[in-house]
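**Q** Got a predicted model here, sequence first, then my questions.
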Amino acid sequence: MQRNQEECVHEAQRPAITISAIAAEAGVSVPTVSRVLNGRGDVSPRTRERVETLLRDHGYQRRGARPSVRSGLIDLVFNDLDSPWAVEIIRGVEEAANEAGASTVVSAIHRSANPTSTRQWLDNVSARASDGAILVTTDLDSFLRAELQRLDVPAVVIDPAGVPELDVPTIGATNWTGAVGATEHLTGLGHRRIGFVAGVPGLWCSRARLDGYRAGLDAAGIPFDPELVVEGDFDYESGFRAGSALLELPAPVTAVFAASDQMALGVYEAVRKKGLRVPEDISVLGFDDLPEARWASPPLTTVRQPLAEMGKLAARTVLRMLQGEGVASPRVELATRLVVRESTAAPRQA
């Protein structure tokens, strides 16, 4: 009996095995072990078997393991909720979650303005035992990823801020292709001086849309002019400022392509304040196809980004991961398409 007690004490004092130790012994990377733990499909059967055997042999226990009964909650996290764009994402996530009998908790964490907000959100996730997390336009850094793994919370990123890690599924849109098509629409109408209102610098989608604009110009044989690119912030106010700046150039633009509908509507106001009209004097084109695009005067030509569909797919992906199902593709981009309305026309003849 004494011996059994000593053996129990010895077992209790053994240090907990870590994912890093499992990875080293299996001869694979830490993200590969993470993919096995999360039931991801992008791991070879032989590697999966080797990792799972080591996990069993070492008695690996996930820290912060969640209750056997799920909470039925999915966290949806934004950097900014003050946008109709966010509303469309929420609509898609909630529709898919409701179909599965789950509920959505919507949060905003402003990591740059308040570094402690991430820690507070993680504490809340732990307290309510959320089943999964969907993060929007987020840079899922090593700290946040490690904490979500510790809490055993599978995560999906919509529109990642930077180059995403391979062990976290991402849902996005064909930003580059959409921007190429938008620019080619304007060049096809005969425009040669096309201003571009860029999105938030550093975001993956912003870079893709700027690159698509440049590619569209190149396809039409139009040299890229950096003077025609003005930085925006995806909101109405920055669109107004950028539009005003473009309209003050010595050689005015005849069209403006804005990297979001909100900025395009800000350009509308800049055109109005200048005493000009859309599209008679200036063609304007946006990106997103928010409900406001259809209600604008004139209705806005824009690139439709399937925001609600992106939200639905993200929620369904999290739910599949919770069932232990593999993710068919860690990188999904849903198709964009140009929606031509009344805000674009051929340039006025001099």
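**A** Yep, that arrived.

**Q** what stretches of the protein score poorly on pLDDT?
**A** Along the chain, segments meeting pLDDT under 70 span 1-18, 30-31, 34-35, 37-42, 60-70, 110-115, 139-140, 163-166, 350.

**Q** show me where it has helices.
**A** 2-13, 19-26, 30-37, 45-57, 84-99, 116-128, 142-150, 175-188, 204-219, 236-247, 261-273, 291-295, 307-322 (DSSP state H).

**Q** Need those in TSV (columns: mean neighbour count and distance to residue 282).
**A** Quick note: C-beta positions are derived from backbone N, CA and C, even for glycine. What follows is the helices of the chain, written out as TSV (neighbours: other CB atoms under 10 Å; distance: least, CB to CB, whole Å):
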stretch	mean neighbour count	distance to residue 282
helix 2-13	8	74
helix 19-26	17	56
helix 30-37	22	48
helix 45-57	14	57
helix 84-99	19	23
helix 116-128	15	40
helix 142-150	16	43
helix 175-188	22	11
helix 204-219	20	17
helix 236-247	22	7
helix 261-273	24	5
helix 291-295	15	17
helix 307-322	22	27
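
**Q** will you turn these into TSV that also has distance to residue 106?
**A** Below are those laid out as TSV (distance: least, CB to CB, whole Å):
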stretch	distance to residue 106
helix 2-13	42
helix 19-26	30
helix 30-37	26
helix 45-57	34
helix 84-99	6
helix 116-128	12
helix 142-150	17
helix 175-188	24
helix 204-219	21
helix 236-247	22
helix 261-273	20
helix 291-295	19
helix 307-322	11
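
**Q** can you tell me which residues contact residue 194?
**A** Each residue near residue 194 by CB atoms under 8 Å, 6 or more residues apart in numbering is listed here: 183, 186, 187, 213, 217, 222, 228, 253, 254, 255, 256, 257.

**Q** Equivalent analysis for residue 301, please.
**A** Taking CB under 8 Å, 6+ apart, we find residue 301 in contact with 185, 283, 284, 285, 286, 338, 339, 340, 341, 342, 343, 344.

**Q** how about a cut-off of 7 Å?
**A** 285, 339, 340, 341, 343, 344 (CB atoms under 7 Å, 6 or more residues apart in numbering).

**Q** what bridges to it?
**A** residue 285 (DSSP bridges).

**Q** Start the count at 26 instead of 1 going forward.
**A** Noted, 26 is the first residue going forward, which turns the last one into residue 326.

**Q** Now do it against residue 312, distance only.
**A** Distance of residue 326 to residue 312, given as CB to CB, to the nearest Å: 10 Å.

**Q** Who's the closest spatial neighbour of residue 130, skipping the chain neighbours?
**A** Among residues not flanking residue 130 along the chain, residue 100 sits closest, at 5.0 Å (CB to CB, 6 or more residues apart in numbering).

**Q** my read: the one you found touches residue 128, true?
**A** No: counting by CB atoms under 7 Å, residue 128 is not a contact partner of residue 100; they are 10.3 Å apart.

**Q** ok, those two, which is more surrounded?
**A** A count of neighbours by other CB atoms under 10 Å puts residue 100 above the other of residue 100 and residue 128, at 23 against 13.

**Q** ok, now which ones touch the more buried one?
**A** Contacts for residue 100 (CB under 7 Å, 6+ apart) come out as 130, 132, 150, 155, 158.

**Q** The third one and residue 103: what is the separation?
**A** What that stands for is residue 150. 15 Å.

**Q** what's the answer for residue 284, then?
**A** Distance from residue 284 to residue 103, counting by CB to CB: 18 Å.

**Q** Residue 193 too?
**A** 17 Å.
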